[in-house]
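> Fold the following, please.
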Amino acid sequence: MAATVLCVAVMPRNRKAARSAAAATPQGGDREETKASADAPRNATDLEYVKRNRGRPLAKVVHSAAHESLLSVSVTNTDHQGFVNLFAMVLVCANLRLIVENVMKYGIRVALPTESVSIERNWQCVVCHVFMVLIFVVAWAVERFLAPIVKSDRVVNGGHVLCWLSMFFIPFGVIRACNPSVSGSVVLVVFSISWTMKLISFGHTCFDIRRALARGILDQVCQDAESRKLLEGGFPRCLRLKDMMMFVGYPTLCYQLHYPRSPRVRYGHLLKRIGELALCLAIQYILIEQYITPLLENTRKYLSVEPSVNGSGDQVQIVHFNVLGFLERLLKLSLPNLYVWLLLFFALFHCWLNILAEVTRFADRKFYSDWWNAASFGEYWQRWNLPVHHWFMRHVYSPMLRRKWSRLSAGLTVFMISGVLHEYLVVAPLQMTRPTILVMLAFVGQLPLTIITSRALFEKHHRVIGNMIFWVVFCFSGQPMAVLVYFLLAATPNLATFGSFLSLR
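Numbering: from 1, shown residues only. Below you'll find the model as predicted:
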């Protein structure tokens, strides 16, 4: 009886569930709708179920695909900005510690550079600059008026050579006779060297034009349509004094009849470059006076020279040299020297040359390339100073190859000329009685390094290693070593007779 009642009570419920299931069961075309709904996103009930079971290990799939570590070489688009920020903070903190240590040890050594900007001390340099501009006028007159009259290449080229020698040696005589400040002497010598290279380019280009006109091959030689149009009006009538004076101010060493020009002067850009130049010069002066000078002065204690007598009774000098102390000074000097060198690059090639380009509306402003990524010394010299590189390629290297010189001989000649000019840049401002030859030897010694590092091993396959070799050799050993050697030779009187070619007096 109880079982019968239970069945009767349960049957309606089962029939109701069956009717509900039958209503939910798809019939015919409704099956496709059910399949589509299965692919749809989960409803609120499913999401609630997932949320309720998210703490279970089985519900969390950790490893579902193959991945590489973020610092692997094969992984791209990894953001390393955090490391960059960290390294920047470490660099700032390390340099701040050096600043505090330097001030505690030496105090404030920086003073206004009154002697460097003194008109009374450097007025002769100003007059010499004016005279050097007049030499450009003389060179222009030689080509514009003398060449059509004499019609002799020897006479015209002789006039150009006299202008070159005057531009090169007259500033040297002014420095020796008038004793201006070192900074004024450096500026005068830099202008003397660069303007001499400009005059050589002017004379060489005009000589090439005369030869091309005489041989009737102007159309084959001249690749610039604008320059060819100017030459059609007659040479040397196309040479104008205004263009020659503009060439003096152009930030290039290579003379052309036509240059790309910008439409106007951007005064905001010009003021920005002037401010950057002033800031760079100020920081360089602080680094030299506050850091480099005391470092060099403290280096003298690691070197001593004592007179002695050898077995033959001749006077000799015995040099006592502390290798570890010198190495410590070298490493300590490398950091501020590197800062000064980088600031010099930015001030000269980015600020100063862009100032000249903006004032003269000179449009081609590629004065340097990415030399900091150089994997060899050859790449560095091709990217570091493009105006000088173009000048050597145009007026020394390529003409030598055209005359059947080997590449090695032409490259050696370029390095020797560059070494002599850098030696002159050191000897003249410091008023040395004889050259040390050390700078020239350093430049010539770079030719083997250039040949070794220019192989495919460094330039193609292992560029990072080549770039590290460049930075270590050039900035962390070569330049600080040269600064230390020149300071010791100049500051130690007893070294005056220690080797004839090393003497500074």
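
> show me where this protein has strands.
303-309, 315-321 (DSSP state E).

> For those strands, which has the smallest mean pLDDT value?
The weakest mean pLDDT among the strands of the chain belongs to strand 315-321, with a mean of 65.

> What is the longest helix of this protein by residue count?
The longest helix of the chain (DSSP state H) is helix 182-215.

> Asn53 against Ala59, yeah?
Yes: under the criterion of CB atoms under 8 Å, Asn53 makes contact with Ala59 at 5.0 Å. C-beta: built from backbone N, CA, C; applies to glycine.

> Sort out which residues of the longest helix of the chain are buried, please.
Buried residues in helix 182-215, defined by neighbour count with 16 or more other CB atoms under 10 Å: 183-189, 191-207, 209-210, 212.

> same check, this time on stretch 361-375
361-362, 367-369, 371, 374-375.

> closest to Leu239 among the residues you listed?
Distance to Leu239 across the buried residues of stretch 361-375 (CB to CB) is lowest for Phe362, with 19.0 Å.

> distance of the closest one from Glu115?
Separation of Phe362 from Glu115 (CB to CB, to the nearest Å): 34 Å.

> Kindly report the same for Leu199.
Leu199 sits 31 Å away from Glu115, going by CB to CB.

> before we move on, what about Arg237?
Distance from Arg237 to Glu115, counting by CB to CB: 49 Å.

> So these two - more neighbours on which side?
Per other CB atoms under 10 Å, whichever of Arg237 and Glu115 has more neighbours is Glu115, with 15 against 11.

> Not counting sequence-adjacent ones, nearest residue to the more buried one?
Ser181 (5.2 Å; CB to CB, 6 or more residues apart in numbering).

> what's near enough to touch the spatially most central residue of the chain?
By CA atoms, centre = their mean, the chain has its centre lying nearest to Trp384, at 4.8 Å. Listed by CB atoms under 8 Å, 6 or more residues apart in numbering, the contact set of Trp384 reads 368, 371, 374.

> Now the last one: closest residue in space, sequence neighbours ignored.
Counting by CB to CB, 6+ apart, Ala374 lies nearest to Tyr380, which is 4.0 Å off, once chain neighbours are set aside.

> again, but for the first one
Nearest residue to Tyr368, sequence neighbours excluded (CB to CB, 6+ apart): Phe349, at 4.9 Å.

> want to throw the contacts of Trp384 into TSV with distance to Asn322?
Shown next, in TSV, are the contacts of Trp384 (distance: CB to CB, whole Å):
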residue	distance to Asn322
Tyr368	39
Trp371	35
Ala374	34
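
> So which of those is the closest to Glu276?
In terms of CB to CB, no member of these lies closer to Glu276 than Tyr368, at 15.2 Å.

> Next, work out how far apart the closest one and Asn354 are.
The separation that Tyr368 has from Asn354, given CB to CB, amounts to 11 Å.

> And Gln431, by the same measure?
For Gln431, the distance to Asn354 - CB to CB - is 33 Å.

> More neighbours: those two, which one.
Neighbour totals were compared for Gln431 and Asn354, and Asn354 leads with 21 against 14 (other CB under 10 Å).

> what sits against the more buried one?
Neighbours of Asn354 in contact, by CB under 8 Å, 6+ apart: 251, 269, 273, 365, 367.

> Find me the pLDDT at it, would you?
Listed pLDDT for Asn354 reads 94.

> same deal with the one 3 residues further on?
Model confidence at Ala357, given as pLDDT, is 94.

> and for stretch 192-203, what are the contacting residues?
For stretch 192-203, contacts defined as CB under 8 Å, 6+ apart pick out 132, 135-136, 139-140, 143, 157, 160-161, 163-164, 167-168, 170-172, 244, 247-248, 253-255, 388, 391, 394-395, 421, 424-425.

> Next: stretch 71-84.
68-70.

> Go again with 10 Å.
Stretch 71-84 is touched from outside by 67-70, 86-87, with contacts defined as CB atoms under 10 Å, 6 or more residues apart in numbering.

> what does stretch 94-109 give?
Residues outside stretch 94-109 that contact it (CB under 10 Å, 6+ apart) are 286, 288-291, 293-295, 297-298, 332, 335-336, 339.

> show me the contacts for the residue nearest to Thr299 when sequence neighbours are not counted.
Nearest non-adjacent residue to Thr299, counting by CB to CB, 6+ apart: Arg329, 4.6 Å away. Arg329 sits next to 295-296, 298-302, 322, 480, 484 when contact means CB under 10 Å, 6+ apart.

> roughly how far apart are Arg329 and Gly478?
Noted for Arg329: a distance of 15 Å to Gly478, by CB to CB.

> try Leu421
Distance from Leu421 to Gly478, by CB to CB: 18 Å.

> Show me which of the two is the more surrounded one.
Leu421 (19 against 16).

> Assess the claim that that one and Val439 are in contact.
Yes: counting by CB atoms under 10 Å, Leu421 does reach Val439; the two are 9.2 Å apart.

> Quick check: buried residues in stretch 424-439?
Those would be 424-429, 432, 435-436, 438-439, for stretch 424-439 by 16+ other CB under 10 Å.

> ugh, typo on my part, it should be stretch 223-232
227, 230-231.

> Give me the distance from it to the chain's centre.
34 Å (CA atoms, centre = their mean, to the nearest Å).

> Show residues contacting that stretch.
205, 209, 212-213, 218-219, 221-222, 237-240, 243, 256-260.

> Nearest to Ala278 among the buried residues of stretch 223-232?
Nearest member of those to Ala278, counting by CB to CB, is Ser227, at 37.4 Å.

> What's the separation between the closest one and Ile417?
Applying CB to CB to Ser227 and Ile417 gives a distance of 27 Å.

> do the same with Ile135
21 Å.

> neighbour-wise, which of these two wins?
Remark: of Ile135 and Ile417, Ile135 carries more neighbours, 18 against 14, as counted by other CB under 10 Å.

> tell me the contacts of the more buried one?
Ile135 touches 162-164, 166-167, 170, 195-196, 199, counting by CB under 10 Å, 6+ apart.
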